[in-house]
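In: Below is the sequence, then the predicted model.
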Amino acid sequence: MTGKDSIYAHEQTVKDFTFDQHVVEVFPDMIQRSVPGYATIVSTMGKLAGIYAQSNSNLYDLGCSLGAVTLSMRRNIAKENCKIIAIDNSEAMVERCKLHLQGFRSDVPVQVELGDINDVALSNASVVAMNFTLQFISPEQRVALLKKIYSALKPGGVLLLSEKVRGEDDFNDNLLIDLHHDFKRANGYSELEISQKRTAIENVMITDKLSAHHERLNSIGFKQVQVWYQCFNFCSLVAVK
Ligand SMILES: Nc1ncnc2c1ncn2[C@@H]1O[C@H](C[S@+](CC[C@H]([NH3+])C(=O)[O-])CC(=O)[O-])[C@@H](O)[C@H]1O
Ligand SMILES: O=C(O)C(=O)Cc1ccccc1
C-alpha cells in the first residue's frame, strides 16, 4: 500500500515541506529511514503510556500521522475506560490513519480527528504523546500549547515528547547533523536527497536545544523531566505533572 520515499531523488525547485498525499504514500519508509530508533521510540512510548494511563481518562496522540503511537499505546493500555484521541491537521494523513487503524482490533476506543492542535480543546488526560510534532509548531505558539497540555493533564499524568533537537553550540550541532546524515546515507538516501530534504524542512521545522526543552517544561510546572532516548539529534523524553 505504501512505497519507497524518492520525493527528493530528482533535482527540483524545492518547496516548503508539507504533509500532503505524496508524503502519506511514502511516510512509513521515510520516517523509518530518517529517524534513528523510530521503531524503538514508538514501542517505548506505548510502554510508557501503559505505565502512566489512568482509569477513566483520555490519552492523546497529537500530530498522529498514520497512528503509529496510537496503535502502540492501545496495545499497552490495561486500565479501564480509557479513550485515545488522535489528532492531525493533514487531511491526507487523517484519512489514511483511519484506514490503517481499521486493520487492527481492540477494545480501547480511538477517535481520529482532523484539527490544528493549537486550537483543539484537551481534557481529562493521563497521557499526551507528541512524537516529532512540536518541532512543526511555530516557536511563538509552543509555550501556549505546552501550557494547554499541562492544564489538561491529571495529577501524575505525563507528556511523552519526542523531538529533533539543535546541538547546544554550533560545533556540536554540526556534529549531530553529520552523524544523522551518515545514518541517512547508510539507509540509501543520496547526497541530493539529503540536501534537498534539508532545504524543504528549513522553514517549517524549527528545532530547539534540548536544554531549552528542559527549561520550558520546568518553567511550565512539569515536575520530573527525564530524557529516556537520544541518538544523534533525536530525543524522546517523559515529563510528569
Ligand atoms: N498544528 C498542527 N496540528 C496538528 N497536526 C500537526 C500540526 N502541525 C503538524 N502536524 C502534524 O504532525 C505530524 C508530524 S510527523 C509525526 C509522526 C507521528 N507522530 C508518528 O509517530 O509516526 C513527524 C515528521 O514527519 O517529522 C504530521 O502528520 C503533521 O501533519
Ligand atoms: O528527514 C529528515 O532528515 C528530518 O530530519 C526530518 C524529520 C525529523 C523528525 C522526524 C521525522 C523527520
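Out: All right, it came through fine. Numbering: from 1, shown residues only. Ligands and ions are numbered 1, 2, ... in the order given.

In: Give me the distance between D116 and T40.
Out: Distance check for D116 against T40: by C-beta to C-beta, to the nearest Å, it reads 29 Å. Bear in mind the C-beta positions are built from the backbone N, C-alpha and C, glycine included.

In: For this protein, give the strand that spans the most residues.
Out: strand 153-164 (DSSP state E).

In: Quick check: neighbours of it in the sheet, parallel or antiparallel?
Out: Strand 153-164 pairs in its sheet with strand 125-131 (parallel), strand 234-240 (antiparallel), by DSSP bridges.

In: and C64, backbone torsions?
Out: C64 has phi and psi values of phi -70, psi -20 when expressed as degrees, to the nearest 10.

In: Report the contact partners of it.
Out: Residues in contact with C64 (C-beta atoms under 8 Å, 6 or more residues apart in numbering) are T70, A86, I87, D88, M93, V94, C97, V112.

In: and with 10 Å instead?
Out: 70-71, 84-88, 90, 93-94, 97, 101, 110, 112-113, 117, 129-131, 133 (C-beta atoms under 10 Å, 6 or more residues apart in numbering).

In: returning to that earlier point: hey, which of the strands paired with strand 153-164 is tucked in deepest?
Out: strand 125-131 (a mean of 26; mean count of other C-beta atoms under 10 Å).

In: just how off-centre is it within its chain?
Out: Relative to its chain's centre, strand 125-131 lies at 10 Å (C-alpha atoms, centre = their mean, to the nearest Å).

In: okay, which residue is most central for this structure?
Out: N131 (1.8 Å; C-alpha atoms, centre = their mean).

In: longest helix in this structure, by residue count?
Out: helix 170-186 (DSSP state H).

In: Show me what that helix packs onto, helices and strands only.
Out: Counting contacts by 3 or more C-beta pairs under 10 Å, 6 or more residues apart in numbering; DSSP states H and E, helix 170-186 is packed against helix 21-34, helix 191-202, strand 224-231, strand 234-240.

In: That one: which residues count as buried?
Out: Within helix 170-186, the residues that qualify as buried are D173, L176, H180, H181, F183, K184, counting by 16 or more other C-beta atoms under 10 Å.

In: now stretch 68-81
Out: A68, V69, T70, L71, S72, M73, R74, N76, I77.

In: Alpha carbons only: can I get that stretch in PDB?
Out: Below are the C-alpha coordinates for stretch 68-81, written out as PDB (Å, rounded to 0.1, in the frame of the first residue of the first chain):
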ATOM      1  CA  ALA A  68       1.900   4.600  14.900                       C
ATOM      2  CA  VAL A  69       1.900   5.900  18.500                       C
ATOM      3  CA  THR A  70      -1.900   5.500  18.900                       C
ATOM      4  CA  LEU A  71      -1.500   1.800  17.900                       C
ATOM      5  CA  SER A  72       1.400   1.300  20.300                       C
ATOM      6  CA  MET A  73      -0.400   3.000  23.200                       C
ATOM      7  CA  ARG A  74      -3.500   1.000  22.500                       C
ATOM      8  CA  ARG A  75      -1.600  -2.300  22.700                       C
ATOM      9  CA  ASN A  76      -0.400  -1.400  26.200                       C
ATOM     10  CA  ILE A  77      -3.400   0.100  28.000                       C
ATOM     11  CA  ALA A  78      -4.600  -2.200  30.700                       C
ATOM     12  CA  LYS A  79      -6.700   0.300  32.700                       C
ATOM     13  CA  GLU A  80     -10.500   0.500  32.200                       C
ATOM     14  CA  ASN A  81     -12.500   3.200  30.400                       C
END
